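Peer 1: Here is a sequence together with a model predicted from it:
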Amino acid sequence: MFLKSAQLYSNNEKQFIISNQILLNGFLTEYGEVTELEWNCSEEILQKTLLEALNKSNTITLEKEDKVDPLAKHLGIKSWKKAKSDKKLVMVNHHFDDDPYFKVTATKKMKNGAYPGIKSVEILDDEALQDNNLAKSVLKAMKLSSI
């Protein structure tokens, strides 16, 4: 199974989208540039930006995880915990199986900073790419996500 993955963090003002890259040990890690959007951007802009982030995912293999969290670096904050303290998270995966699909996962932030998934939806490629349905699914997941 081949997979592309991105994370979308948000608070009441902004959305931050980060692509994942693969580590030599097979795990995924947030790495690279952070794309910042206004919270109330259009579904069209959100969909386009998510697809761009997913296209950048897994394009390089890293030996080890970067010591500086990309969101913390983008915000000029030293701690990943502070950078994400007021932010919800939605995980977006693009699976390339026999029938390619997107998986959008709402999360609940724990006190230790982890974001376990609480609800996921899967959308076939054709449906996700019509009428900004991927963006609509992400916005629904963001409403379900909590900090």
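Peer 2: Thanks, I have it.
Peer 1: quick one: low-confidence parts of the protein?
Peer 2: 1, 26-27, 29, 62, 64-66 (pLDDT under 70).
Peer 1: pretty sure V104 is in a helix, no?
Peer 2: No: counting by DSSP: H, G, I helix; E, B strand; the rest coil, V104 is not part of a helix but strand.
Peer 1: Which residue, other than its chain neighbours, is closest to it?
Peer 2: Once flanking residues are discounted, V104 sits nearest to S137: 4.5 Å by Cβ to Cβ, 6 or more residues apart in numbering. Where you see a C-beta, it was placed from the backbone N, CA and C, and this is true even at glycine.
Peer 1: same check, this time on E30
Peer 2: I18 (4.6 Å).
Peer 1: For the residue nearest to D125 when sequence neighbours are not counted, the count of nearby residues, please.
Peer 2: Among residues not flanking D125 along the chain, P100 sits closest, at 4.5 Å (Cβ to Cβ, 6+ apart). The tally of other residues near P100 (other Cβ atoms under 10 Å) stands at 13.
Peer 1: again, but for K143
Peer 2: Neighbours around K143, by other Cβ under 10 Å: 10.
Peer 1: Look up how far E43 lies from it.
Peer 2: 14 Å (Cβ to Cβ, to the nearest Å).
Peer 1: Can you list the residue ranges for helices in this structure?
Peer 2: All helices of the chain, identified by DSSP state H, fall at 43-56, 70-75, 80-84, 125-128, 133-144.
Peer 1: Now do the same contact list for the residue of the chain most remote from its centre.
Peer 2: Computed with Cα atoms, centre = their mean, the residue of the chain farthest from its C-alpha average is D98, at 23.2 Å. Under the criterion of Cβ atoms under 8 Å, 6 or more residues apart in numbering, D98 has no neighbours.
Peer 1: for it, phi and psi?
Peer 2: Here is the backbone geometry of D98 (degrees, to the nearest 10): phi -60, psi -40.
Peer 1: What separation do you get for it and S120?
Peer 2: Going from D98 to S120 by Cβ to Cβ gives 19 Å.
Peer 1: can you put the helices of the chain in JSON lines and add distance to E33?
Peer 2: Formatted as JSON lines, the helices of the chain follow (distance: least, Cβ to Cβ, whole Å):
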{"stretch": "helix 43-56", "distance to E33": "8"}
{"stretch": "helix 70-75", "distance to E33": "7"}
{"stretch": "helix 80-84", "distance to E33": "15"}
{"stretch": "helix 125-128", "distance to E33": "23"}
{"stretch": "helix 133-144", "distance to E33": "19"}
